[in-house]
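A.B. asks: coords please:
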Amino acid sequence: MCSVNCQLDFEIDMPPVIVSSDDMRLRQVLLNLIGNAIKFTPVGKIKVRAHVSEGSVLRIEVEDNGISIAKEDHPKLFQNLSQIAGKGAHKIGSTGLGLVISKRIITGMGGEIGVESDVGKGSIFWFELPVKVSGDAPPSTDSAAAYAPDSAGHYDARILLAEDNAINSEVAKALLESFGATVTVVENGQLVIGRLREQSFDFVIMNQQMPVMDGIAATQELRAMGCAAPMVSLTANAFAEDRQRCLDAGMDDFVAKPVTREKIAAILAQFATPAKEPDLLDLNQLEQVIDDFGLPLFEELLAQLARDGQSLLQLATDNAD
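C.D. replies: As a prediction, the model looks like this:
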């Protein structure tokens, strides 16, 4: 991971206009490229540049001064996963998988992606996309309000989260807990199987790509064991064939990264039970009031409450007329 000596800078060179494109997939590609740069730049700077040309082409560059790549190796970076993955128990790093997925996304949107790198000088990963540019951008809103948690939706759910990336794990855990869920985190599918043998969970969220045992293999084994817990795939592979692969393995749903509050809310609404609203009257508390103040005073308070309620009801009726 990136140390504290790694600095991330942004250089946005374009007028305040609205750029229309697939924001979810753009965000995914950008996160993949930045994550790749951070991984191989333990000390130094990472620059993210963005500009839109007169021909409405968006170009984004992620430049680092970390480990450089020999020119003869450039084509290998965007090859299919089957050509770059090792065998046996291994961890697919963000380089191969992230770049392969990014290439699929960018080319699928009609764009290009590439790399410029010389030994000893770091690397620049870039992509270009045709976009729609229109009008002036609206004034920015308060960032705190934009990220304020939604007050609606609270769940008493016990969730098992399997994610080998520490940052992704913390983000997903925090979002789930913001809805009231209790979250247990493990790092691979083998640990998921072990946990489910020991205790029950309302549902399981598993990353597709993990070391030791991935989410697909774990789901297949759990279903063969008779485990009926709902299972949700969490993956960077945001394509129809990937979703079908998860469903064929026995998973119940599929969530594409990056994880957002809206996606977490949708998962919880589908697989978790909303928390029970607290009773209007707490009988234990009423008993304590009676013990503290005596039954006569309590009865007087109830009578006063009834009179006040009747007055409010009459006032509301008069105003309605």
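A.B. asks: mind listing the strands in the stretch 51-200 of the chain by residue range?
C.D. replies: Using DSSP state E, counting those that start in this stretch, the strands found in the stretch 51-200 of the chain span residues 57-64, 112-117, 123-130, 132-136, 158-162, 182-186.
A.B. asks: among those, which is the most enclosed?
C.D. replies: With neighbours defined as mean count of other Cβ atoms under 10 Å, those peak in mean count at strand 158-162, which reaches a mean of 22. To be clear about C-beta, it is placed using only N, CA and C from the backbone, and glycine gets the same treatment.
A.B. asks: quick one: average confidence on it?
C.D. replies: Strand 158-162 carries an average pLDDT of 96.
A.B. asks: in its sheet, what does it sit against?
C.D. replies: strand 182-186 (parallel), strand 203-207 (parallel) (DSSP bridges).
A.B. asks: Let me have those in a markdown table, extended by distance to residue 249 and mean pLDDT.
C.D. replies: Shown next, in a markdown table, are these (distance: least, Cβ to Cβ, whole Å; pLDDT from 0 to 100):
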| stretch | distance to residue 249 | mean pLDDT |
| --- | --- | --- |
| strand 182-186 | 18 | 95 |
| strand 203-207 | 10 | 95 |
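A.B. asks: Pass me the low-pLDDT residue ranges in the stretch 51-200 of the chain, would you?
C.D. replies: Where the stretch 51-200 of the chain drops to pLDDT under 70, the residues are 79-97, 133-153.
A.B. asks: what about 80?
C.D. replies: Scanning the stretch 51-200 of the chain for pLDDT under 80 picks out 54-56, 66-101, 108-109, 118-121, 131-153.
A.B. asks: Where do the helices of it begin and end?
C.D. replies: Ranges of helices within the stretch 51-200 of the chain are 81-84, 94-108, 143-146, 166-178, 189-198, based on DSSP state H, counting those that start in this stretch.
A.B. asks: how big is the angle separating the longest one from strand 123-130?
C.D. replies: When axes from the mean of the first three to the mean of the last three Cα atoms, to 10 degrees is applied, the directions of helix 94-108 and strand 123-130 differ by 20 degrees.
A.B. asks: And helix 94-108, what does it pack against?
C.D. replies: Packing partners of helix 94-108 (3 or more Cβ pairs under 8 Å, 6 or more residues apart in numbering; DSSP states H and E): helix 23-39, helix 81-84, strand 112-117, strand 123-130.
A.B. asks: for these, which one sits closest to residue 267?
C.D. replies: helix 23-39 (16.0 Å; Cβ to Cβ).
A.B. asks: What residue spans form the domains of this structure?
C.D. replies: The chain breaks down by automatic domain parsing into domains covering 6-134, 152-271.
A.B. asks: Please identify the most buried of the ones you listed.
C.D. replies: Most buried among the domains of the chain, counting by mean count of other Cβ under 10 Å: domain 152-271, with a mean of 18.
A.B. asks: rewinding a little: which stretch among the helices of the stretch 51-200 of the chain comes nearest residue 120?
C.D. replies: Of all the helices of the stretch 51-200 of the chain, helix 94-108 sits nearest to residue 120, with 18.8 Å by Cβ to Cβ.
A.B. asks: Alpha carbons only: can I get the closest one in PDB?
C.D. replies: The C-alpha coordinates for helix 94-108 follow below in PDB (Å, rounded to 0.1, in the frame of the first residue of the first chain):
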ATOM      1  CA  SER A  94      -5.200  -4.900  -8.700                       C
ATOM      2  CA  THR A  95      -2.700  -4.600 -11.600                       C
ATOM      3  CA  GLY A  96      -3.800  -7.400 -13.900                       C
ATOM      4  CA  LEU A  97      -7.400  -7.700 -12.900                       C
ATOM      5  CA  GLY A  98      -8.100  -4.000 -12.600                       C
ATOM      6  CA  LEU A  99      -6.500  -3.200 -16.000                       C
ATOM      7  CA  VAL A 100      -8.200  -6.000 -17.800                       C
ATOM      8  CA  ILE A 101     -11.600  -4.900 -16.500                       C
ATOM      9  CA  SER A 102     -10.800  -1.200 -17.300                       C
ATOM     10  CA  LYS A 103     -10.000  -2.100 -20.900                       C
ATOM     11  CA  ARG A 104     -13.200  -4.000 -21.300                       C
ATOM     12  CA  ILE A 105     -15.200  -1.000 -19.900                       C
ATOM     13  CA  ILE A 106     -13.400   1.600 -21.900                       C
ATOM     14  CA  THR A 107     -13.500  -0.200 -25.200                       C
ATOM     15  CA  GLY A 108     -17.100  -1.100 -24.600                       C
END
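A.B. asks: surely residue 46 meets residue 40?
C.D. replies: No - using Cβ atoms under 8 Å, residue 46 is not in contact with residue 40; the gap is 9.9 Å.
A.B. asks: Mutual contacts of those two, please.
C.D. replies: Here residue 46 and residue 40 share the contacting residues residue 64, scored by Cβ atoms under 8 Å, 6 or more residues apart in numbering.
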